[in-house]
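> Kindly generate the corresponding structure for this input.
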Amino acid sequence: MAKTAPTWYATGRRKTATARVYLIPGSGRFVVNRRDLDEFFCRETDKMILKQPLRLTENLETFDISVSVRGGGNTGQAGAIKHGISRALCAFNLDLRPALKSAGFLTRDSRIKERKKYGQKGARARFQFSKR
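As a prediction, the model looks like this:
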C-alpha cells in the first residue's frame with residue numbers, strides 16, 4: 001500500500017467568495033481551479049495577496065497549494081485564498097499562529113456589499129429632494 005503525503009486543509013472566505021485550500025509538501029506550485037496561478041489571476045496585486053502568508057512564514061517554496069474557489073470576483077477570490085492559506089498554515093504548525101494573527105491574516109474580512117433599499121436609488125444614494 002502506497003503511503004500518501006500529509007495534506008492540510010482549510011476554508012477561507014471574503015465577500016461572497018469561498019476557497020477550499022489544500023497544502024501539500026512540495027516545491028511551491030499553485031493550482032487554482034485546476035489552472036496555473038498565472039493563468040487564473042491576471043493582476044499582479046492578486047498574486048501578491050495570495051503569497052503574503054507564505055512570505056511572512058517563509059514557506060514560499062515548501063508547499064504545493066491546490067485551491068478550489070467559487071463565488072465573488074477576482075479580488076474577493078484572492079482574499080478568500082489568502083485567508084484559507086493562513087488557516088491551513090496554522091493547521092500545519094501552531095507556532096506560526098502569532099505571526100499570522102498579528103499581520104491580520106486570520107481575521108475574515110466581513111465587509112460585503114450593502115443591499116439596495118426599496119424606493120431609493122441605491123444602498124445609500126437617495127433621489128434628490130424637491131420642496132416644490
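> quick one: the strands in the protein?
Secondary structure of the chain (DSSP state E): strands located at 8-14, 17-25, 30-32, 35-36, 63-70.
> Is it possible to get a markdown table of these that adds distance to L94, mean pLDDT and mean neighbour count?
For every residue, glycine as well, the C-beta is placed using N, CA and C. Output for those, formatted as a markdown table (distance: least, CB to CB, whole Å; pLDDT from 0 to 100; neighbours: other CB atoms under 10 Å):
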| stretch | distance to L94 | mean pLDDT | mean neighbour count |
| --- | --- | --- | --- |
| strand 8-14 | 12 | 96 | 19 |
| strand 17-25 | 14 | 95 | 20 |
| strand 30-32 | 24 | 95 | 20 |
| strand 35-36 | 31 | 95 | 12 |
| strand 63-70 | 16 | 95 | 19 |
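> F41 against A78, yeah?
Yes: counting by CB atoms under 8 Å, F41 does reach A78; the two are 6.6 Å apart.
> the more surrounded of these two?
A78 (25 against 22; other CB atoms under 10 Å).
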